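Asks: Structure for this input, please:
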Amino acid sequence: MGWLTQSRLGSLKQREVASVAGPVSRKIIFSGKKQRHEIVVARKKFRVPPEIFNSMEEDAYYRIYYQPKIKVLLTAEEV
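Replies: Numbers count the residues shown, from 1 in each chain. Predicted structure coming up:
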């Protein structure tokens, strides 16, 4: 989980998990020379590493489990 900061890891200790389901929309956001990978499910946006982004198919249905306070994706399953 190298993409999580220490403060975000601390929020995961709250053990609160939420989920959303629906078709995935994928978006790459460019800022100068950097890229940010984002997925959207049921109007919830998640910033994810490129490996996760590339593993998800556009418009495929997924259930996303995440920590709601900081919107960190914990796991996903295609449904």
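Asks: Where does the closest residue to Ser19 other than its chain neighbours sit: helix, strand or coil?
Replies: Sequence neighbours aside, Tyr65 is the residue nearest to Ser19 in space, at 4.9 Å (criterion: C-beta to C-beta, 6 or more residues apart in numbering). C-beta here means a position set from N, CA and C on the backbone, and glycine is covered the same way. The assignment at Tyr65 comes out as strand when based on DSSP: H, G, I helix; E, B strand; the rest coil.
Asks: List the residues that contact Tyr65.
Replies: Val17, Ala18, Ser19, Leu73, Leu74, Thr75, Ala76 (C-beta atoms under 8 Å, 6 or more residues apart in numbering).
Asks: So which of those residues is surrounded by the most neighbours?
Replies: Neighbour counts for the contacts of Tyr65 peak at Ala76, which has 21 neighbours (criterion: other C-beta atoms under 10 Å).
Asks: So what sits opposite that residue in the bridge?
Replies: With DSSP bridges as the criterion, Ala76 is bridged to Ile64.
Asks: Number the residues from 20 up from this point.
Replies: Happy to do that; since the first residue is 20 now, the last one works out to Ala95.
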